[in-house]
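> Predicted model follows, preceded by the sequence.
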Amino acid sequence: VQLVESGGGEVQAGESLRLSCAASGFRFERYAIAWFRQVPGKEREGVSLISISDGYTEYSDSVKGRFTISKDDAENTVYLQMDGLKPEDSGTYYCAADPWARRLTTHWDQWGRGTQVTVSE
């Protein structure tokens, strides 16, 4: 199982970024994929998830209305479109996969290595 994140970078507040999570080594359509973020010294925060089979999505309150999660079944890739970025959105963003998870707060089995997002004032 491999999850590879990309698309992070440094932007100013109000700008946008699109993160990608390329998945391989498992039956993509049988899994849910989620995005988490973490800042040093703070707990990891669940941002959004999508169920590949039925497209069910979930967002944390902190990003609802600004972030959009989507999938490309042909490319085995999940995207996180982040608009209206704020400095508090800064952190390392990880994608995770699990065949059973339907909530951000439950266990997630497989993890990528992360991509850094920095939002300045």
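Structure's in. What do you need? Numbers count the residues shown, from 1 in each chain.

> Hmm, residue 72 and residue 52 touching each other?
No. The pair residue 52 / residue 72 is not scored as a contact, 10.3 Å apart, by CB atoms under 8 Å. Where you see a C-beta, it was placed from the backbone N, CA and C, and this is true even at glycine.

> shared neighbours of these two, anything?
residue 78 (CB atoms under 8 Å, 6 or more residues apart in numbering).

> Just want to know which of the two has more residues nearby.
A direct count of neighbours by other CB atoms under 10 Å for residue 52 and residue 72 places residue 52 higher, at 20 against 12.

> contacting residues for that one?
28-33, 71, 73, 78.

> at 10 Å instead, please
The contact partners of residue 52, by CB atoms under 10 Å, 6 or more residues apart in numbering, come to 23, 27-33, 71, 73, 76, 78, 97, 99.

> can you check residue 98 too?
31-34, 49, 106-111 are the contacts of residue 98 under CB under 10 Å, 6+ apart.

> now with 7 Å?
Shown in contact with residue 98 (CB atoms under 7 Å, 6 or more residues apart in numbering): 31-32, 107-110.

> buried set for stretch 85-92?
85, 89-92 (16 or more other CB atoms under 10 Å).

> Need those residues in a markdown table (columns: secondary structure, pLDDT and distance to residue 120).
Output for the buried residues of stretch 85-92, formatted as a markdown table (DSSP: H, G, I helix; E, B strand; the rest coil; pLDDT from 0 to 100; distance: CB to CB, whole Å):
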| residue | secondary structure | pLDDT | distance to residue 120 |
| --- | --- | --- | --- |
| 85 | coil | 98 | 10 |
| 89 | helix | 98 | 11 |
| 90 | coil | 98 | 8 |
| 91 | strand | 98 | 13 |
| 92 | strand | 98 | 16 |
